[in-house]
Each structure stands twice: as structure tokens, then as C-alpha cells.
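J.: How does the following fold in three dimensions:
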Amino acid sequence: MGYTQSLGDSYARKNVLLAGCPERQIIPSKPANNIIMQADIPRVVIAGTHSGCGKTTIASGLMAALVARGCKVQPFKTGPDFIDPSHHTLICSRPSRNLDFCMMGETGIRRTFAAASAGADVAIIEGAMGLFDGREGSDTASAAHVARILKAPVILVVDVHAVSRSIHAVVKGFRDFDPRVKIAGIIYNKIGSDRHRQMIAEEEFVPALGWVPKQPESEVKSRHLGLVMAHESPAMKTYGRVIAESCDLDRILAVARAAPPISVPAIATQKAPATRHRPVIGVARDEAFCFYYQDNLDRLARAGAEVRPFSSLKDEEPDADAIYIGGGYPELHAEMLEHSRCRKFIRDQAEAGMPIYGECGGLMYLCGSLEADNQTYAMAGILPGRAVMTPKLQALGYVTGAFGCRPGLWTGTVAIRGHEFHYSRVECDPEARFAIRLGQGAGIGGGNDGLTEYSTIGAYTHAYFTDAFCKKFVAAAAAFRKNAGTR
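T.: So this is what the prediction gives:
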């Protein structure tokens with residue numbers, strides 16, 4: 001049964017709305033000074049009252065429903081999350097981008113949003129946690145904060161399991177809490193029956209854009225770091241059918257189209273190094289290592305690198321001048337990592353001076369060993385320490401600091417900012433050296449992060465790369481390529 005049929009005549013649309021996707025072109029216009037662009041991009045934030053209300057499933061289902069309709073959907077996620085964007089990317093066939101004020105700032109959010117949305121029909125931004133939940137209990141970096149920065153209307157997802165009329169008190173509180181945030185509609189999740197929907201609808205005062213029934217068979221499994229990755233479950237993608245049947249896609253698109261243009265500072269053009277061949281940065285992309293900010297990869301490419309993926313589980317000798325190993329789940333694939341021939345190759349290249357950078361799971365892999373489920377597995381053996389999985393969370397939060405604690409390292413003294421979230425610890429050898437001194441965050445311990453040996457660095461921080469860091473990483477790759485004489 002379709003949405004308009006299930007709602008009845010009292011919820012018929014008042015206006016004739018576009019049956020398909022927004023027609024508005026996403027073409028920024030430049031004023032005479034070429035500094036500020038005006039980006040006219042249909043957009044909406046899908047936010048929730050709290051974590052667990054069904055926001056991720058509904059946002060992903062909405063993306064899938066719009067893609068099935070023929071829309072080009074650009075997905076985003078507020079905050080530092082890696083997992084939900086993997087589902088967005090699979091659904092939309094466009095890389096999902098993080099929008100995080102603490103790591104990117106307001107200008108960075110606007111630039112990433114406008115650049116990524118080029119050529120899309122509509123941008124769907126999934127909020128993190130509850131709408132107003134920001135850094136350390138503040139508004140900073142909340143979904144509401146990002147919505148204000150982007151002048152984006154909000155559609156609020158509310159969980160109505162075991163509640164009917166009382167939910168309007170919740171909706172009223174969210175609507176009135178911050179008048180700078182426009183809540184343009186509500187999607188009611190976990191409707192138990194037609195009678196349940198009717199009881200809620202009798203006193204509706206914020207437009208209802210969806211009535212989503214309970215769908216226990218569509219739930220996505222979770223593990224210690226959150227939901228499983230997109231390649232492990234197709235449930236998010238298949239949820240598009242539910243959203244198409246239970247939500248008014250035309251009215252949701254109309255909400256997105258009502259968003260006003262925003263001003264976006266132009267990105268300064270970077271000149272790539274004047275070399276005949278671009279240095280190659282190999283990026284581990286497989287089931288073990290899958291946590292990457294797309295902006296990081298783009299910045300490495302803009303700095304002059306060819307970014308080339310490889311598998312730490314299958315490839316024997318990645319063809320690269322430097323290696324970047326992101327976070328992920330090495331503990332779930334420790335046996336395969338131990339027996340992969342790639343492990344020895346990376347160790348040999350590290351000893352030869354290849355610049356290697358690892359984050360969280362990458363740090364664990366670069367250590368001598370990894371202990372998980374009472375088993376110890378040999379890892380790359382580059383960094384002087386051993387990684388140990390723990391049953392309790394070891395660190396969660398934003399990180400700031402700077403490279404430069406080890407003189408002569410290729411990073412120089414650039415600043416670092418990012419996020420950490422891990423259920424492991426690294427026990428370092430007494431002679432261990434560190435490349436990063438933290439101003440905020442737990443890191444490896446003692447205010448230090450970035451365990452280092454040779455030209456290799458492994459840190460718990462998932463860094464949001466700066467242009468300065470990328471230039472140094474690419475320059476180090478180019479220098480290794482030249483000295484090695486491999487090409």
C-alpha cells in the first residue's frame with residue numbers, strides 16, 4: 001500500500017509536487033571576486049531524537065528509495081563515523097562524506113558539502129546521535145549545528161514504540177528547543193498498527209512525512225564499534241522498499257528543494273609537484289581495513305599522489321611508494337593477516353625506509369603482535385609494541401595534537417586533529433619513540449600517540465588530514481621512489 005493511500009484524504013498533498021527528482025541544477029555561481037560561490041543544492045538532514053530511534057535505517061532507506069526512483073543522491077554523515085557512510089556509499093554509488101565541525105570547521109563543512117554534491121539531484125545528510133547532541137554535551141558539532149551551517153531543513157525521526165499521544169510532547173520540545181533549526185517534518189518509526197497511526201495522527205501539528213511500520217527482519221547487526229559494514233549486510237539497501245511504501249517521497253523532496261542557497265568559500269587551487277610520474281600511495285582497502293575519510297584520500301590526490309588500493313589479506317606486494325593503513329577490524333581477520341605474504345613485504349619496505357602511516361587498526365597491524373580472543377597472532381613487526389584487544393572501551397572522543405616529537409621524521413611539525421574510538425591498547429617496548437604529542441585525547445598513553453620506527457608511524461588517532469600533512473606525506477613518497485630507483 002502506498003503512502004497517500006495509507007494516510008487517507010486528510011493528508012493529501014496541497015500542492016502539485018514533482019513526481020521524480022528535483023530539477024534544480026547544482027551549479028555554483030561565482031561573483032566577480034571569485035572568492036565566494038553560491039551553491040544551490042536541495043538538501044535535508046535526517047535526524048533523530050536519540051541513538052537507536054531508527055534514524056540510520058530510515059536515512060539509508062530514503063537514499064535507496066530515491067536512487068530507485070532515478071535520483072542522483074549525495075550522502076553525508078555528521079560526526080566522525082565510518083560505518084554508516086559505508087552503507088550510504090553502497091546504496092548511492094557515490095562516496096559518503098563526513099561533516100564534522102570539530103575536525104573540519106564551518107568552512108570545511110561548506111566546501112566538502114558543495115564539492116561532493118556537484119552533479120547530484122539531492123543531498124541526504126544523516127545526523128549522529130540525537131539532533132542536539134554535540135561535543136561533550138554541547139551543541140558543537142551536533143546535527144543541529146551542521147544543519148544551521150548548511151541552512152538545511154531537518155526531518156526528525158521519532159520512535160513511537162509503546163507510545164501514542166505523548167509523542168507530541170517530544171516533538172513539540174524538539175521543535176521549540178532551538179528556533180534557529182527548522183524541523184520541517186516528522187517520520188514516525190515503529191508504527192504498530194493502523195489504529196496506532198490514527199491515534200498519533202489525530203493531534204499532528206508538525207507535518208507527518210512518513211509512518212514506518214515495525215520491521216524487525218530488516219535490523220542490521222552490531223558489534224563493538226557499531227553496525228556491521230555495508231559489505232557484510234544488504235539490509236540497509238533493501239529497506240528502500242519500506243520507505244517508498246511508508247513515506248511521502250514527493251513531500252520530502254519538496255522540503256529539500258526549499259533549502260536556500262548557501263555561500264561557499266572557493267577552494268584554493270593546488271599545483272601538483274612537477275614530476276613525470278606521480279608517487280603512488282597504496283591504501284589498504286579490504287575487510288580488515290575499511291575506515292577512511294574520503295576527504296583524506298582526495299587531499300592526497302590533490303597533493304600530487306596516485307591513490308591506489310590494495311588488499312592486506314590477498315596482495316603479496318602492493319605496488320606503492322608509501323602505504324596508508326586505516327582503521328577497521330584486524331582482530332576479526334588476524335589469522336589471515338598473519339599468514340598473508342603482504343605482511344612480510346610491508347615489513348621489508350619499512351626497513352628500507354618507505355613512509356608508512358597507520359591509524360588505529362593500522363597501528364595494531366604494524367605492531368609486533370595482536371592478542372585477540374586469547375590467541376596471539378604475528379603482525380607486521382615494524383613498531384616496537386604489541387596490541388591487545390580489551391573487553392572495555394579504552395578511548396572515545398576528539399583528538400588534537402602535533403607531529404614533531406621525533407626529530408627528522410618526514411611529517412615535520414604539522415598539527416593533527418581527529419577522533420579516536422577503540423577497544424584495544426598497545427603495550428610499548430621500553431625504547432619506544434613517539435611522533436605525536438597530544439593536547440587532547442588518550443592516544444597510546446602518557447599524552448603520546450604515533451608510535452614510530454624507521455619512517456613508519458602508527459597512531460590511535462583517526463586523523464582528518466590537513467593540506468600540510470598531505471604535502472609532506474606525498475613528498476616523502478616521492479623521495480622514497482627516487483632513492484629506491486624502482487621506476
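J.: What residues of stretch 65-80 count as buried?
T.: By neighbour count on 16 or more other Cβ atoms under 10 Å, the buried set for stretch 65-80 is 65-67, 69, 71-80. Bear in mind the C-beta positions are built from the backbone N, C-alpha and C, glycine included.
J.: do stretch 434-447 as well
T.: F434, A435, I436, R437, L438, G441, A442, G443, I444, G445, G447.
J.: Out of those residues, which comes closest to D178?
T.: Distance to D178, by Cβ to Cβ, is smallest for G441 among the buried residues of stretch 434-447, at 28.7 Å.
J.: Show me where this protein dips below the pLDDT cut-off.
T.: Scanning the chain for pLDDT under 70 picks out the ranges 1-35, 216-237, 268-276, 485-487.
J.: please redo it, this time with the cut-off set to 80
T.: In the predicted model of the chain, residues 1-35, 216-238, 267-276, 485-487 satisfy pLDDT under 80.
J.: Show me how the record splits it into domains.
T.: Domains of the chain are assigned by automatic domain parsing as 3-265, 280-484.
J.: Let me see the contact set for A468.
T.: G412, V414, A415 (Cβ atoms under 8 Å, 6 or more residues apart in numbering).
J.: I figured the first one was touching F403, is that so?
T.: Think G412. Yes: the pair G412 / F403 is scored as a contact, 6.5 Å apart, by Cβ atoms under 8 Å.
J.: out of these two, which sits in the more crowded spot?
T.: Each of G412 and F403 has its neighbours counted (other Cβ atoms under 10 Å); F403 has more, 26 against 15.
J.: how much space between that one and T466?
T.: Look at F403 and T466: by Cβ to Cβ, to the nearest Å, they are 10 Å apart.
J.: residues shared between the contacts of these two?
T.: Between them, F403 and T466 share these contacting residues under Cβ under 8 Å, 6+ apart: V414, A415, I416.
J.: Going by neighbour count, which of those residues comes out on top?
T.: I416 (26 neighbours).
J.: Are we agreed that that one is in a helix?
T.: No: assessed with DSSP: H, G, I helix; E, B strand; the rest coil, I416 is strand; it does not lie in a helix.
J.: residue contacts, it?
T.: I416 makes contact with V399, T400, G401, A402, F403, I436, T461, A463, T466, F469, according to Cβ under 8 Å, 6+ apart.
J.: tell me which element the second one falls in.
T.: This points to T400. strand 395-403 (DSSP states H and E).
J.: same check, this time on the last one
T.: Counting by DSSP H and E, the element that carries F469 is helix 467-484.
J.: Can you give me the buried ones in that helix?
T.: 469-481.
J.: Okay, helices next: where are they in the stretch 301-450 of the chain?
T.: With helices called from DSSP state H, counting those that start in this stretch, the stretch 301-450 of the chain shows them at 334-339, 342-351, 361-366.
J.: Then the stretch 101-250 of the chain?
T.: Assigned helices in the stretch 101-250 of the chain, in chain order: 101-117, 143-149, 167-177, 194-201, 235-238, 240-246, 249-257 (criterion: DSSP H, counting those that start in this stretch).
J.: could those helices be laid out in TSV, adding mean neighbour count and distance to L209?
T.: Shown next, in TSV, are the helices of the stretch 101-250 of the chain (neighbours: other Cβ atoms under 10 Å; distance: least, Cβ to Cβ, whole Å):
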stretch	mean neighbour count	distance to L209
helix 101-117	20	22
helix 143-149	24	16
helix 167-177	15	12
helix 194-201	16	12
helix 235-238	20	19
helix 240-246	20	10
helix 249-257	23	5
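J.: I'd like to know which of those is closest to D373.
T.: Ranking the helices of the stretch 101-250 of the chain by proximity to D373 (Cβ to Cβ) places helix 235-238 first, at 26.3 Å.
J.: quick one: H277 is in a strand?
T.: No: read with three-state DSSP, H277 is coil and lies in no strand.
J.: distance of it from K482?
T.: According to Cβ to Cβ, H277 and K482 sit 10 Å apart.
J.: that older thread, which two in the buried residues of stretch 434-447 are spaced the farthest apart?
T.: For those, the maximum inter-member distance is 16.1 Å, found between A435 and A442 (Cβ to Cβ).
J.: hang on, the earlier thing: please tabulate the helices of the stretch 101-250 of the chain in a markdown table, including the columns distance to T452.
T.: Output for the helices of the stretch 101-250 of the chain, formatted as a markdown table (distance: least, Cβ to Cβ, whole Å):
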| stretch | distance to T452 |
| --- | --- |
| helix 101-117 | 23 |
| helix 143-149 | 35 |
| helix 167-177 | 46 |
| helix 194-201 | 57 |
| helix 235-238 | 38 |
| helix 240-246 | 46 |
| helix 249-257 | 46 |
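J.: if we compare those, which one ends up closest to A288?
T.: Nearest to A288 among the helices of the stretch 101-250 of the chain is helix 235-238; the distance by Cβ to Cβ comes to 21.5 Å.
J.: Just list whatever residues bridge to the nearest residue to R43 once chain neighbours are set aside.
T.: Nearest residue to R43, sequence neighbours excluded (Cβ to Cβ, 6 or more residues apart in numbering): A123, at 4.0 Å. Going by DSSP bridges, A123 is paired in beta bridges with R43, Q74.
J.: so how far is A476 from A484?
T.: As judged by Cβ to Cβ, A484 and A476 stand 12 Å apart.
J.: same question, S86
T.: Distance of S86 to A476, given as Cβ to Cβ: 29 Å.
J.: Then R308?
T.: 16 Å.
J.: again, but for G326
T.: G326 sits 18 Å away from A476, going by Cβ to Cβ.
J.: Near S138, how many other residues are there?
T.: By the criterion of other Cβ under 10 Å, S138 has 11 neighbours.
J.: likewise P260?
T.: P260 has 9 neighbours, counted by other Cβ under 10 Å.
J.: What ranges does the stretch 201-350 of the chain have for its strands?
T.: Counting by DSSP state E, counting those that start in this stretch, the stretch 201-350 of the chain has strands at residues 208-213, 222-223, 226-227, 262-265, 280-284, 289-291, 306-310, 322-325, 327-328.
J.: Centre of the chain to the fifth one, how far?
T.: In other words, strand 280-284. Put simply, strand 280-284 sits 20 Å off its chain's centre (Cα atoms, centre = their mean, to the nearest Å).
J.: Wait, I167 touches M199, no?
T.: No: I167 lies out of contact with M199 (Cβ under 8 Å); the separation is 9.8 Å.
J.: V157 is in contact with G52, isn't it?
T.: No: the criterion here is Cβ under 8 Å, and V157 misses it with G52 at 10.6 Å.
J.: So for those two, which sits in the more crowded spot?
T.: Between V157 and G52, counted using other Cβ under 10 Å, the more crowded position is V157 (26 against 11).
J.: Which residues are in contact with that one?
T.: V157 makes contact with I46, A47, G48, T49, C53, G54, K55, I58, A59, I186, I187, N189 under the criterion Cβ under 8 Å, 6+ apart.
J.: What residues are bridge-paired with it?
T.: Beta-bridge partners of V157, counted by DSSP bridges, are G48, I187.
J.: quick one: it from M199, how far?
T.: To M199, V157 is 19 Å away according to Cβ to Cβ.
J.: And for M104?
T.: Here M104 is placed at a distance of 43 Å from M199 (Cβ to Cβ).
J.: same thing with A477?
T.: Here A477 is placed at a distance of 62 Å from M199 (Cβ to Cβ).
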